[in-house]
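In: sequence below, structure please.
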Amino acid sequence: MRQSSDIGNSVLYTIPTNHNPTGRTMSRQHRVQLLALCSRYGLPIIEDGAYAELTFDGTPPPSLKSLDTGGQVLYLGSVSKSLAPGLRIGWMIAPEPVVQRLGDVKMQIDYGASSLSQQVLARFLTSGRYAQYLGWLRCELQRRCQAACQVLDEDFAGLADWQVPQGGFYIWLTLRDRLPMEMLFHKAAEAGILINPGDIYSSRHTQSLRLSYAYTTPEEFRRAVSRLAAVVRSSLAVSAKNSYTGLVASG
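Out: Got it, this is the predicted structure:
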């Protein structure tokens, strides 16, 4: 952004809390700096808070919207990650003209969210059961995350780097040695493991993988990661051998 003098009709989309795919959470200091920078360039922000309620200790950093004094942040919330994707219910905090305009667009697309789904969620929220459920979910996600990080410590020490998430579903694993990701993808698939390579999210992250500890039991995660580590080691060995053969042939 600092390098571009013309941002035109651009908008910044960000998941600052428990980010997908990296699992990282932006510090308060960086949030303030981001707001100041976007304000300087007149750049609106869409803040996706879908994972914010999944912070393990229940106290995520303040949202960008809560720090916004100029009305430049449009905040999106949802229960699709915390409760049920099938409800198809979310909400938005934005200036009234924006809310009205997007409400019109929503009605033109599908006539709005199901009234029954909205009533079910409203009852769940007002009953206090949603808060109780979130408490359980955070504890369960933290348990799975801790188990996942322990497995990574055992199987990927020296092979990759990662940060321990503060919440959410994901761990961002970055391999230390270069490895053709397409080859790793196919080798992992042959071993019964489906991986999410980083380059499907950004061309800058060709050596990273997104791992999810949320959709599997700790036992399933352990088995999969152990197999994945074996695949990475064997693939690195093949890659090194091919590189050496190429050097000998060219020499």
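In: ok, for Leu76, nearest residue in space, not its chain neighbours?
Out: Leaving aside its sequence neighbours, Leu76 sits nearest to Asp48 (C-beta to C-beta, 6 or more residues apart in numbering; 5.1 Å). C-beta coordinates here come from the backbone N, C-alpha and C atoms, glycine included.
In: same check, this time on Pro44
Out: In space, and not counting its chain neighbours, Pro44 is closest to Val11: 4.8 Å by C-beta to C-beta, 6+ apart.
In: I'd guessed that neighbour sits against Tyr41; true?
Out: No - the criterion here is C-beta atoms under 8 Å, and Val11 misses it with Tyr41 at 11.4 Å.
In: from Ile15, how far out is the residue nearest to Leu76?
Out: For Asp48, the distance to Ile15 equals 5 Å [C-beta to C-beta, to the nearest Å].
In: got it, and Arg233?
Out: 32 Å.
In: go on, Gln100?
Out: On the measure of C-beta to C-beta, Gln100 and Ile15 end up 25 Å apart.
In: so these two - more neighbours on which side?
Out: Ile15 (21 against 11; other C-beta atoms under 10 Å).
In: what residue ranges in this structure are flagged as low confidence?
Out: Filtered on pLDDT under 70, the chain yields the residue ranges 1-6, 241-251.
In: repeat that for 50
Out: 244, 247-248 (pLDDT under 50).
In: what domains does the record give for it?
Out: 12-115, 131-250 (automatic domain parsing).
In: may I see the buried residues of stretch 184-195?
Out: Leu184, Phe185, Lys187, Ala188, Ile193, Ile195 (16 or more other C-beta atoms under 10 Å).
In: swap that for stretch 90-104, sorry
Out: Ile93, Ala94.
In: how far does that stretch stretch from start to finish?
Out: Taking C-alpha to C-alpha, to the nearest Å, stretch 90-104 runs 16 Å from one end to the other.
In: please enumerate the strands of this structure.
Out: Taking DSSP state E as the criterion, the chain carries its strands at 12-14, 45-48, 73-78, 90-93, 160-161, 170-175, 196-197, 208-212.
In: turn these into CSV, columns for distance to Leu152.
Out: Output for those, formatted as CSV (distance: least, C-beta to C-beta, whole Å):
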stretch, distance to Leu152
strand 12-14, 26
strand 45-48, 26
strand 73-78, 29
strand 90-93, 32
strand 160-161, 8
strand 170-175, 7
strand 196-197, 16
strand 208-212, 8
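In: nearest to Gln118, of the ones you listed?
Out: strand 90-93 (10.2 Å; C-beta to C-beta).
In: in its sheet, which strands sit next to that closest one, and in what direction?
Out: Counting by DSSP bridges, the strands paired with strand 90-93 are strand 73-78 (antiparallel).
In: just the helices in the stretch 1-150 of the chain please.
Out: With DSSP state H, counting those that start in this stretch as the criterion, the stretch 1-150 of the chain has helices at 28-41, 64-67, 96-110, 115-126, 129-155.
In: again, but for the stretch 151-251 of the chain
Out: Going by DSSP H, counting those that start in this stretch, the stretch 151-251 of the chain shows helices at 181-190, 218-250.
In: next, format the domains of the chain as TSV and append distance to Leu121.
Out: Converted to TSV, the domains of the chain look like this (distance: least, C-beta to C-beta, whole Å):
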stretch	distance to Leu121
domain 12-115	6
domain 131-250	12
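In: surely Ser234 touches Lys187?
Out: Yes - the pair Ser234 / Lys187 is scored as a contact, 7.4 Å apart, by C-beta under 8 Å.
In: number of residues surrounding Gly128?
Out: 9.
In: that'll do, ta.
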